[in-house]
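Novice: take a look and give me a structure for this.
(chains A and B)
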Number of protein chains: 2
Amino acid sequence: MTTLTRFCLLAIALLHATAVSAQAPVPDPGGDTPRNVILIIGDGMDEQQLTIARNYLHGAAGKLLLDSLPLRAAVQVLTIEDKVDGGPVYVSDSANTATSLATGAVTSRGRIGTSAGSDQPLRNIVELAHAAGLRSGIVTTASVTDATPAAFVAHINFRLCENPSLMQEVVYRDIHLGSCAQHSKARGGAGSIAEQLAASPLQVLLGGGSKHFDVAVEGGQRSVAEQARAQGFRLLYSERELAAAPGGERLLGLFAPSTLPVRLQGEDGREAEEPRPSLLNRLHPYLGSVTLPEPMRCEPNPAFDGIPSLRQMTEVALAQLSANNERGFFLMVESASIDKQAHERKPCGSIGELAQLEEALASALDFATQHPHTLVLVTADHAQAAQLIPHESLFSAYPIPLYTPGKLARIVTPEGAQMAVNYATTNFIMEEHTGAAVPLYSNAEGAGRVQSFLRQPDLFAIMRDYLGL
Amino acid sequence: MTTLTRFCLLAIALLHATAVSAQAPVPDPGGDTPRNVILIIGDGMDEQQLTIARNYLHGAAGKLLLDSLPLRAAVQVLTIEDKVDGGPVYVSDSANTATSLATGAVTSRGRIGTSAGSDQPLRNIVELAHAAGLRSGIVTTASVTDATPAAFVAHINFRLCENPSLMQEVVYRDIHLGSCAQHSKARGGAGSIAEQLAASPLQVLLGGGSKHFDVAVEGGQRSVAEQARAQGFRLLYSERELAAAPGGERLLGLFAPSTLPVRLQGEDGREAEEPRPSLLNRLHPYLGSVTLPEPMRCEPNPAFDGIPSLRQMTEVALAQLSANNERGFFLMVESASIDKQAHERKPCGSIGELAQLEEALASALDFATQHPHTLVLVTADHAQAAQLIPHESLFSAYPIPLYTPGKLARIVTPEGAQMAVNYATTNFIMEEHTGAAVPLYSNAEGAGRVQSFLRQPDLFAIMRDYLGL
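Specialist: Below you'll find the predicted structure:
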């Protein structure tokens, strides 16, 4: 793992839940056939990311598979300060938003399945499903210990406590980022996220993050991976092992040390870059000229070779969850790197990742066609920084050098036009999230349940009620 | 009018339709009762603007009236180069998007009701309604000659040709911005936008823009206002005149020289401002400190006093259009300054304008309750620059000065929290538009007509078919 990768992994954090109950519609446990929920989360998949990907993958007048789903809503994202009855915070992170989706509670940034201020565990849908005899699974292109998957299983105060070695203090370059000491096993807690995953009732857990399972469990000799095996998981480390995985076993697939490599990258690995104004333009904004980043194409990322696709992982998960299952299941599928690549100002990475989400959605919809009582929901956890801005300025009639103060990628699209993507929320090495409401899509099973406007905790209630939990 | 205002007015431009036919569902002319369409356009009203306004007006967990509408969709915005069969352009302006909504055609930026490249007139819904004996009206907080209202009536190659004096050349500070000479009356054209409005079949036209009607008509002595009066319009210049307007007359209300003043402004008129890094920070991004713009409240804009609200104008228009009307009507209501204030980096202005849209929507929904065959649609024409970014950075654990490279407003909300709004698409004095798909809302009359994903020209087809045109 590179220093940059490590830095980026650590840097996505923010920490700190008054449980706010979501509204609970009348339960509807359904008939004799099992009911299933497939929740697909596009991390950071806001309307800008969707349009950028649609333009690149299908053209300006094209359609995503998502666009064919019959129900569409806006989802209000809710976050509070890290205290009991904390005030509103207008921009979220993936930890608190995944907690809302998984538990129906509103909490503070950085928290995994715990309440703001009081640090109490919040019951999640995987626990409810298990108690009712349903199976559960999680598939992600992130490390399985990352905030989004973690919030569906674990309870801990700080998202970066991904393995036992990080429980006392998460430090990067002498900067103290946080601690989860109160959740350590020594203090009677459930331990790190990896340990909680190993102890979970999940039927299938597929993604990246092997490095977090190589660490010795707290107070023990064996690794978290060995612990997971002892708990009944078959461990898979390659696409070949995934393809050959036998049915009827619990699967823990860890296909990269951390986040899985993404499918697409900018030409020669390029990302968005700063426009370079001439010296004269630095002296006065009406003078001189500017050199914009060279246009670039997206190309396959060589590091993606041999990595299972989100579709492959989703299909294995669906097979494992549905085989000889009279009671139904809950599956969460995360396309994580729409967000992660946007943090790093890599539009091609986000586009390729959204293409992966679309493929996983196709598999989910195929499954739902064969298994009619399957609710398929697709949403995002929060909005992101990237903006589709004019390739030719609206003000280009003015003879002035015009350019973004941020970083710009000019992408040559397959339809032969140029698409300008802007990243300009911060001077930091990682872009910020943004606060806009996010989209929600549903197949026809959501009719009467998915309203045109919902709050994020309402999605938990919809899923719980659909499954009769 | 200030130089800045003048500059800004001129600066919003961009110029240049292969008519692309929208898909045409089966006509459904309805029964004996008249059918009405109220189309409300929030100019620049994207998900970021909606969330910013929702947070301010109703709190982070609050709801807009828009959120109560039962149908919600995403609308793909389409723009092409200014040539026949021109390639895609990924970011639009209000001229070409309003043309799509009004005519069902895709055209190039800056064009009003004309085709890209071939410069041919595109038949609009007001013309279709008139031919079928229906009434039409337009209400806007912009000048009535501005791009959005203009595209529902006029046909001209360049949006800035708003009055007869601008037909030969639109110039600002010796910069040639465009020309509409080929549409001048001398050359057999229909003349400027103001002249085309004066000659239109509209029953009611309310907004700003009196300065464009004070100019003498091409080749004549009298003003465009006098011409409009000769065509049967009663002219209104104040809120009092609007309130006293008799029923049964055609009304042209011009309540300001240009755009109507907005309801809210930043404290002491402030807008988003640049963060000010210390000298040390300018030398190295990890050093020194940064001074962020002081937080501010939104306050009433004194210039709004005596200006009719969008609700008042909408209610007068609905009364005029519906009285003794057996055939139904089409009404377009535009909340223009969500966009205009975002160009100027004034979040309070955009928020107050969205509040005006909500009030006009309330009147439209009340009308629809009393007149059941009334389709109410609300959409945006394009996305805008403003972004809701974290008040406290996601990366605040790092002891580094973190700030946007753009311009920032930190708004103190009524619920006592701070909301950070970022504008960072350009170094120009006006922000750019962005390219994301836009929201569409409909009342229950849209059921079966409004799908979850549409293209902008589809809205024209939905309205046309609903009215049986």
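
Novice: from here on, contacts and neighbour counts on C-alpha atoms
Specialist: Will do.

Novice: quick one: average pLDDT of the longest helix belonging to chain A?
Specialist: The single longest helix within chain A, with elements called by DSSP state H, is helix A:347-370. Here the mean pLDDT over helix A:347-370 is 98, rounded to a whole number.

Novice: swap in stretch A:44-60?
Specialist: Mean pLDDT, taken over the full extent of stretch A:44-60, equals 98.

Novice: just to revisit the earlier point, got the contact list for the helix or strand just after the longest helix of chain A?
Specialist: Using DSSP states H and E, the helix or strand that follows helix A:347-370 towards the C-terminus is strand A:374-380. Counting by CA atoms under 8 Å, 6 or more residues apart in numbering or on different chains, strand A:374-380 makes contact with A:35-46, A:364-365, A:367-368, A:438-446, A:466, all of which sit outside it.

Novice: now with 6 Å?
Specialist: A:35-45, A:368, A:438-443, A:445 (CA atoms under 6 Å, 6 or more residues apart in numbering or on different chains).

Novice: filter these down to the ones in helices?
Specialist: Cross-referencing these against helices under DSSP H gives A:A368.

Novice: just to revisit the earlier point, list the buried residues for the longest helix of chain A?
Specialist: By 16 or more other CA atoms under 10 Å in any protein chain shown, the buried positions in helix A:347-370 come out as A:347-361, A:363-365, A:367-368.

Novice: with stretch A:368-382 instead?
Specialist: In stretch A:368-382, counting by 16+ other CA under 10 Å, buried: A:A368, A:H373, A:T374, A:L375, A:V376, A:L377, A:V378, A:T379, A:A380, A:D381, A:H382.

Novice: list the residues that contact the last one.
Specialist: When the contact criterion is CA under 6 Å, 6+ apart, the partners of A:H382 are A:G44.

Novice: any stretches of the stretch 301-450 of chain A with poor pLDDT?
Specialist: Low-confidence segments of the stretch 301-450 of chain A, defined by pLDDT under 70, are absent; every residue clears the threshold.

Novice: quick check: residues of it near chain B?
Specialist: On the criterion CA under 6 Å from any CA of the partner chain, chain B has as its neighbours in the stretch 301-450 of chain A the residues A:388-390, A:394, A:397, A:403-406, A:424-427, A:434-436.

Novice: if we go to 8 Å?
Specialist: Residues of the stretch 301-450 of chain A found near chain B (CA under 8 Å from any CA of the partner chain) are A:387-391, A:393-398, A:402-406, A:417, A:419, A:422, A:424-428, A:432-438.

Novice: buried subset of those?
Specialist: For those, a neighbour count by 16+ other CA under 10 Å gives the buried set as A:387-391, A:393-395, A:397-398, A:402-406, A:417, A:419, A:422, A:424-428, A:432-438.

Novice: make sure A:E334 is actually in contact with A:M45.
Specialist: No - at 10.9 Å, A:E334 and A:M45 do not qualify as touching, with contact defined as CA atoms under 8 Å.

Novice: among the contacts of strand A:374-380, which are located in strands?
Specialist: Helix and strand membership here follows DSSP state E; of these, those in strands are A:N36, A:V37, A:I38, A:L39, A:I40, A:I41, A:G42, A:V438, A:P439, A:L440, A:Y441, A:S442.

Novice: any idea how far chain B is from the second one?
Specialist: The one in question is A:V37. Separation of A:V37 from chain B (CA to the nearest CA, to the nearest Å) stands at 21 Å.

Novice: surely that residue touches A:V333?
Specialist: No - when contacts are counted by CA under 8 Å, A:V37 is not listed as touching A:V333 (10.7 Å).

Novice: what about the two, which has more around it?
Specialist: Higher neighbour count among A:V37 and A:V333: A:V333, with 30 against 24, using other CA atoms under 10 Å in any protein chain shown.

Novice: list the contacts of that one.
Specialist: By CA under 8 Å, 6+ apart, the contact list for A:V333 reads A:I38, A:L39, A:I40, A:I41, A:I138, A:V139, A:T140, A:T314.

Novice: repeat the analysis, applying 6 Å as the threshold.
Specialist: Counting by CA under 6 Å, 6+ apart, A:V333 touches A:I40, A:I138, A:V139, A:T140.

Novice: what's across from the last one in the sheet?
Specialist: What that stands for is A:T140. A:E334 (DSSP bridges).

Novice: next one: A:V290 from chain B, what distance?
Specialist: Noted for A:V290: a distance of 11 Å to chain B, by CA to the nearest CA.

Novice: go on, A:M296?
Specialist: In this structure, A:M296 and chain B are separated by 16 Å, where distance is defined by CA to the nearest CA.

Novice: so in terms of bridging, what pairs with that residue?
Specialist: A:I411.

Novice: any idea which residue of the stretch 151-300 of chain A lies closest to chain B?
Specialist: A:L177 (6.0 Å; CA to the nearest CA).

Novice: give me the contacts around the host helix or strand of that residue.
Specialist: A:L177 belongs to strand A:175-178 when elements are defined using DSSP H and E. Contacting residues not belonging to strand A:175-178 are listed as A:E169, A:V170, A:V171, B:A397 [CA under 6 Å, 6+ apart].

Novice: need the CA coordinates for it. CSV is fine.
Specialist: Coordinates of the C-alpha atoms in strand A:175-178 are reproduced here as CSV (Å, rounded to 0.1, in the frame of the first residue of the first chain):
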residue,chain,number,x,y,z
ILE,A,175,-1.7,13.6,14.2
HIS,A,176,-4.2,12.0,16.5
LEU,A,177,-7.3,11.3,14.5
GLY,A,178,-9.4,9.4,17.2
